[in-house]
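In: sequence-free structure coming up:
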């Protein structure tokens with residue numbers, strides 16, 4: 001019989017080989033690494049990278065990144081700070097305007113012996129509520145001035161039945177809604193009112209405006225306060241920043257763009273700045289107009305608001321003292337008819353002490369701020385609009401009751 005070199009027979013070798021193969025097949029197999037384990041490794045690696053990035057930001061913080069106080073506290077002083085970007089070099093006209101603004105704004109409030117309020121009416125023609133204004137002004141002669149800009153001059157010359165308004169109309173020109181001619185009329189009124197050195201505060205009103213406070217209340221509210229009441233807020237929506245276009249740059253940046261109601265009340269320093277400005281006014285005159293190509297920009301809702309925000313942000317309020325109701329969600333505010341007017345309505349307007357701004361985007365985000373001057377909370381509104389001519393008689397009946405305080 002054949003034998004292997006080790007002395008084993010072939011049969012014995014076959015038997016031993018079979019036993020070895022059986023032992024191999026009986027040994028447990030090691031499963032491959034699962035996909036879940038690989039995923040955990042990748043997650044751990046990503047977390048480590050994020051941690052290292054945050055740690056690097058804490059040690060070497062860039063100028064605009066402020067994550068250290070959130071993750072690392074204030075114990076680690078920055079080892080290196082990137083320099084801020086250099087300021088934009090102003091053009092000669094811009095620089096001249098800034099110098100003028102600096103000196104005018106820093107001027108002390110120089111009240112005359114009898115400071116006056118200039119009431120500036122921007123109207124297409126006669127004032128249908130003139131009887132209510134006569135009642136408001138009665139007994140306060142010497143404390144107010146009246147100026148009327150009426151774009152329909154032919155109807156105005158024979159319209160004044162009140163001696164209080166006779167011969168107080170200024171040279172006027174046609175005004176188109178939403179166009180720069182509206183701002184031109186505002187500047188024209190301010191220019192005429194500034195000629196009287198006793199005028200210290202300037203109130204812009206329309207033909208549909210009414211007073212909701214007594215003259216004494218309005219006078220004490222405005223005279224002597226070194227602030228202008230200009231409706232002004234940053235609206236991120238299509239009716240706010242959406243109306244900004246690149247041609248406004250570099251003089252006006254998008255973050256400086258503001259929106260608000262045109263019915264302002266400004267102190268004398270700001271009135272001077274508005275009529276003296278031609279740098280920023282020219283941008284609005286040339287760029288801002290209704291139309292899709294200009295994003296439906298309306299100068300009266302942006303020029304004064306943006307200009308004063310840029311020049312003297314701490315010198316203006318964020319609300320207008322003229323109440324208007326936009327709750328109907330239309331292009332124009334609610335019109336008040338005879339059946340809408342009541343003592344309850346007027347008292348409700350008087351009681352409002354918080355300004356509300358709503359963004360024009362889909363979020364409709366509300367911003368609520370207290371109406372406060374020099375740290376003192378006050379009622380927001382002195383006037384209101386839009387009241388139709390048919391409300392005159394009922395307003396005359398209610399006016400003594402709402403102006404007792």
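Out: That came through fine. Owing to the predicted nature of the structure, the values given are computational and were not obtained by experimental measurement.
In: Can you pull out the residues in contact with stretch 223-233?
Out: Contacts to stretch 223-233, defined as Cβ atoms under 8 Å, 6 or more residues apart in numbering, come from residues 109, 111, 115, 117, 200-201, 240, 258-261, 263-267, 270, 304-305, 308-309, 315-321, 357, 367, 373-374. (C-beta placed from N, C-alpha, C; glycine too.)
In: If any of these are buried, put those into a PyMOL selection.
Out: Buried members of the contacts of stretch 223-233, defined by 16 or more other Cβ atoms under 10 Å, are picked up in PyMOL with:
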select buried, resi 115+117+200+201+240+258+259+260+261+263+264+265+266+267+270+304+305+308+309+315+316+317+318+319+320+321+357
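In: okay, now the closest residue in space to residue 215 that isn't next to it in sequence: neighbour count?
Out: Sequence neighbours aside, residue 140 is the residue nearest to residue 215 in space, at 4.8 Å (criterion: Cβ to Cβ, 6 or more residues apart in numbering). Using other Cβ atoms under 10 Å, residue 140 has 15 other residues around it.
In: And residue 379, by the same measure?
Out: As a burial measure, residue 379 scores 17 neighbours (other Cβ under 10 Å).
In: And for it, nearest residue in space, chain neighbours not counted?
Out: Residue 379 sits nearest to residue 353 (Cβ to Cβ, 6+ apart), 5.4 Å away.
In: give me every residue that touches the one you found.
Out: Per Cβ under 8 Å, 6+ apart, neighbours of residue 353: 370-371, 377-380.
In: make it 10 Å
Out: For residue 353, the contact set (Cβ atoms under 10 Å, 6 or more residues apart in numbering) comprises 370-372, 377-381.
In: Check residue 147 too.
Out: Residues in contact with residue 147 (Cβ under 10 Å, 6+ apart) are 118-122, 168-170, 188-193, 195-196, 199, 202.
In: State the helix or strand in which it lies.
Out: strand 144-150 (DSSP states H and E).
In: Looking at the contacts of residue 353, which is nearest residue 345?
Out: residue 381 (12.2 Å; Cβ to Cβ).
In: From residue 365, how far off is the residue most central in space within the chain?
Out: With distances taken as Cα atoms, centre = their mean, the residue of the chain nearest its centroid is residue 233 (0.9 Å). Between residue 233 and residue 365 the distance, using Cβ to Cβ, to the nearest Å, works out to 11 Å.
In: And for residue 182, nearest residue in space, chain neighbours not counted?
Out: Distance criterion Cβ to Cβ, 6+ apart; nearest residue to residue 182, sequence neighbours excluded, is residue 300 at 4.2 Å.
In: Same check on residue 172?
Out: residue 149 (4.7 Å).
In: Provide the partner residues of that neighbour in its beta bridges.
Out: residue 122 (DSSP bridges).
In: What's the local residue count around it?
Out: A count of nearby residues for residue 149, using other Cβ under 10 Å, gives 23.
In: can you check residue 356 too?
Out: 12.
In: Residue 392 too?
Out: 18.
In: and for the helix or strand where it lies, what are the contacting residues?
Out: Take DSSP H and E as the rule and residue 392 turns out to sit in helix 392-402. For helix 392-402, the external contacting residues (Cβ under 10 Å, 6+ apart) are 128-132, 134-136, 210-214, 336, 338-343, 345-347, 349-350, 387, 391.
In: Buried residues in it, which are they?
Out: Neighbour-count burial for helix 392-402 [16+ other Cβ under 10 Å]: 392, 394-395, 398-399, 402.
In: From the contacts of residue 353, keep the buried residues only.
Out: In these, the ones that pass as buried (16+ other Cβ under 10 Å) are 371, 379-381.
In: what sits against the residue nearest to residue 360 when sequence neighbours are not counted?
Out: Nearest non-adjacent residue to residue 360, counting by Cβ to Cβ, 6+ apart: residue 237, 3.2 Å away. Counting by Cβ under 10 Å, 6+ apart, residue 237 touches 243, 259, 358-365.
In: go again using 6 Å as the cut-off
Out: Contacts for residue 237 (Cβ atoms under 6 Å, 6 or more residues apart in numbering) come out as 359-361.
In: now those: which count as buried?
Out: 359-360.
In: Pick the one among the contacts of residue 237 closest to residue 247.
Out: residue 360 (21.5 Å).
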